[in-house]
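A.B. asks: for reference, the sequence and a predicted model appear below.
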Amino acid sequence: MRGSGLILLLIAGRGVLSAQEVYTLGMCRDTALKYNHAVLVAAGEEARARHESRAYFSRFLPEVSASGGYLYTTARLDRRLEEAYLPLYLPDPATGQLRPDVMLRPDGQPVIGADGNPVFNRYAYFPGLDARLRPNNTCFAGVSVEQPLFAGGKIVAAYKMSRVGRDIAALNARRARAEVIVATDEAYWLHVKALETKTVALAFARVAGELLRDVRDAVETGMRTRNDLLKVQVQANRAALQLQKAENAIRLSRLNLCRVMGLPLTTHLEVARELDEEARPLLPAGAAIRPEYTLLEKQVELKGEAVRLARADFLPRVGVSVTYGYARGPEFNGAPLVDKASFSALLSVKIPIFHWGEGVNKARAARNEKQVMAWQRDEWAGKMELEKQQALAALEESRVEERVNALALEQAEENMKVARDRHEVGMETLAGYLEAQTLWQEAALALLESRVARCLNETYYLKATGAL
């Protein structure tokens, strides 16, 4: 690590990297953004909202449809209209109306026949008729075009809501990407921390092992007591236990990193250890806007369109439709009654008159929802600002802590070096040397912890400011 002699031990403990690709933090992020299920789901929702918005836009355009039908039936109508004499009616020159041509008596009253009905001057003879109606083989086909002219603003409001929904889906995708980046950074730095912890454990075990060999040789020559050997053996056992814990942490953190990146858990990852990077500069205030805040703004806008949509259900509706079609049948006495194409146009108007206040109450309820959402937006805006300030404070504290722990490690290294030299010439007790080793290990782990915390706090701060 920079500025301390521990870097030599860490490099020595790492060995030679395998020939496979080494994943940097940026590569891990790119892989996670490509394969993580949360990102894929958010991208799918964004695509769904985009297609849904296009579907709502199509409601502005005329709808063209074709229809047709064919009737097959064994039903028929056969009737015989008997012959008869039909009375005649003549037009009245004065009024233009038809009047019965009845026979009149000298007093001007109609002559009544034996059947009780008036007797006409002239009758028309109807010879009778055989009527045969066949509805079978009746068919029709046509094309119609329908266009809404005014729907109370419902189509416009629905389309605007779909556009807001599309923007919300895009913001959710952006938020999902930011959350995946945070999860990837956490998994990456947890894995790096486990690797570096193993390096520290190896260095500590190596120092404890060398001391154990020296003390064991000294016990054999009678220069050390059995109790001294046991003390060093305890130190070596503790180092072995910490090494085993580090191995388990490496395995589990690797599995977690593979999961976040969307890779099979059996994938063997080799990651670059970027703890020596310089701290990233802080963003200026107001440099970015969090997608969560924009989401709240869009929710308020969505509720505003819902007010218009609720009001549109109780406004007049006007539409026009045009149809061109062909019809044939049924047959009457062997000839079709209809056998031609026709054109028709229909203008429809629907005006709601009275619904017992349903429309007013629905509009008021929608306006109340919009106001509640606006209040929630303002509340969350304050919380997000507080979260940003907390993330900034945590980042600044972790940077200070990192510098303090780096200085403490330098002092612990120097202390262990002096204790080792003094112990070799008999001027330091075994207990003092063991304590110096323990202090060095604790300082190394504390510096590792603070550097990982600083890297994570940088990510948390970027997320809190909306920069991810």
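C.D. replies: Done, it's in.
A.B. asks: let me know the distance separating the most far-flung residue of the chain relative to its centre from V119.
C.D. replies: Computed with C-alpha atoms, centre = their mean, the residue of the chain farthest from its C-alpha average is P106, at 98.4 Å. Distance of P106 to V119, given as C-beta to C-beta, to the nearest Å: 15 Å. In short, each C-beta sits where N, CA and C put it, glycine included.
A.B. asks: with V156 instead?
C.D. replies: Counting by C-beta to C-beta - V156 and V119 are separated by 73 Å.
A.B. asks: repeat for L129
C.D. replies: Following C-beta to C-beta, the distance that separates L129 from V119 is 26 Å.
A.B. asks: which strand residues bridge the closest residue to E63 other than its chain neighbours?
C.D. replies: Excluding the flanking residues, the one nearest E63 by C-beta to C-beta, 6 or more residues apart in numbering is E146, at 4.7 Å. Listed beta-bridge partners, E146: E63, S321 (assigned using DSSP bridges).
A.B. asks: quick one, what contacts E146?
C.D. replies: P62, E63, S65, G319, V320, S321 (C-beta atoms under 8 Å, 6 or more residues apart in numbering).
A.B. asks: again, but for A419
C.D. replies: E428, G432, Y433, E435, A436.
A.B. asks: in a helix, the second one, correct?
C.D. replies: Yes: the assignment for G432, made by DSSP: H, G, I helix; E, B strand; the rest coil, places it in a helix.
A.B. asks: can you show me the strands along the chain?
C.D. replies: 22-23, 63-71, 77-81, 84-87, 89-91, 98-100, 123-126, 129-134, 138-150, 270-271, 317-328, 331-332, 335-336, 339-350 (DSSP state E).
A.B. asks: low pLDDT regions in the chain?
C.D. replies: 1-20, 219, 222-225, 276-288, 428 (pLDDT under 70).
A.B. asks: tell me how it divides into domains.
C.D. replies: What automatic domain parsing lists as the domains of the chain is 6-63+153-315+357-464, 87-124.
A.B. asks: pick the most deeply packed of those.
C.D. replies: domain 6-63+153-315+357-464 (a mean of 17; mean count of other C-beta atoms under 10 Å).
A.B. asks: now for the contacts of A419, which pair is the farthest apart?
C.D. replies: Distance extremes for the contacts of A419: the farthest pair is E428 and E435 at 10.0 Å, using C-beta to C-beta.
A.B. asks: all helices for the stretch 151-300 of the chain, in order.
C.D. replies: For the stretch 151-300 of the chain, helices defined by DSSP state H, counting those that start in this stretch occupy the ranges 154-220, 226-261, 291-312.
A.B. asks: the stretch 301-450 of the chain now?
C.D. replies: Using DSSP H, counting those that start in this stretch, helices in the stretch 301-450 of the chain cover 358-424, 430-464.
A.B. asks: now render those helices as JSON lines, adding distance to R308.
C.D. replies: Below are the helices of the stretch 301-450 of the chain laid out as JSON lines (distance: least, C-beta to C-beta, whole Å):
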{"stretch": "helix 358-424", "distance to R308": "8"}
{"stretch": "helix 430-464", "distance to R308": "35"}
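A.B. asks: between those, which one is closest to A203.
C.D. replies: Of the helices of the stretch 301-450 of the chain, nearest to A203 by C-beta to C-beta is helix 430-464, at 7.7 Å.
A.B. asks: other SSEs contacting that closest one?
C.D. replies: Applying 3 or more C-beta pairs under 8 Å, 6 or more residues apart in numbering; DSSP states H and E, we find helix 430-464 packed against helix 154-220, helix 226-261, helix 358-424.
A.B. asks: okay, and the beta partners of the residue nearest to A151 when sequence neighbours are not counted?
C.D. replies: The shortest distance from A151 to any non-neighbouring residue, by C-beta to C-beta, 6+ apart, is to R317 (5.2 Å). Note on R317: beta-bridge partners K350, judged by DSSP bridges.
A.B. asks: help me confirm that R317 comes into contact with L347.
C.D. replies: No: at 11.7 Å, R317 and L347 do not qualify as touching, with contact defined as C-beta atoms under 8 Å.
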